[in-house]
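Asks: This is the structure alone, sequence omitted:
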């Protein structure tokens, strides 16, 4: 069974029919948004994290129909005119990328965290807790925490 939904993906409006059982991840992949990765398929790893109305969600367990009327952001929409977003720049500067599989989901979680906590005093533990839904096998998280701190400390993001 199909349902027509309207949503905005990385600033571009879309109206499209989706299967009511289709995941948001599959819908995005069908539309060419390839940054979100299916890691576990059950909402445990965060590799598929996108922002739905600025809230990080695991797109593998979020139904596409739930995105009706909503704004979706992925890594593809974060850079402007070929320039990386501040969070993306901070990841590069801090060396917070290794194999890259989990990086898009982590960047979107970091983006939401920085936007929510801009101008606030946060601890390293707050940053860790804010990223608890994202797993990375390569970095050990220290560089990711440094990247987020850089955004918050410098008020760059």
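Replies: Cool, got the structure. Just so you know, these numbers come straight off a predicted model, no measurement behind them. Numbering: from 1, shown residues only.

Asks: burial of residue 4, as a residue count?
Replies: The burial count assigned to residue 4 is 10, neighbours taken as other CB atoms under 10 Å. Bear in mind the C-beta positions are built from the backbone N, C-alpha and C, glycine included.

Asks: Would you agree it is in contact with residue 15?
Replies: Yes: in this structure, residue 4 is within contact of residue 15 by CB atoms under 8 Å, at 6.5 Å.

Asks: Could you break this protein into its assigned domains?
Replies: Listed by automatic domain parsing, the domain ranges of the chain are 2-76, 86-153.

Asks: can I get these in a markdown table with mean pLDDT?
Replies: Output for the domains of the chain, formatted as a markdown table (pLDDT from 0 to 100):
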| stretch | mean pLDDT |
| --- | --- |
| domain 2-76 | 97 |
| domain 86-153 | 93 |
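
Asks: Excluding its own residues, what touches stretch 22-32? List them.
Replies: Residues outside stretch 22-32 that contact it (CB atoms under 8 Å, 6 or more residues apart in numbering): 9, 14, 16, 18, 36, 38, 48, 50, 52, 57, 59-67, 72, 74.

Asks: Please, which helix or strand holds the most centrally placed residue in the chain?
Replies: Nearest to the geometric centre of the chain sits residue 108, at 2.6 Å (CA atoms, centre = their mean). Per DSSP states H and E: residue 108 is located in helix 103-117.
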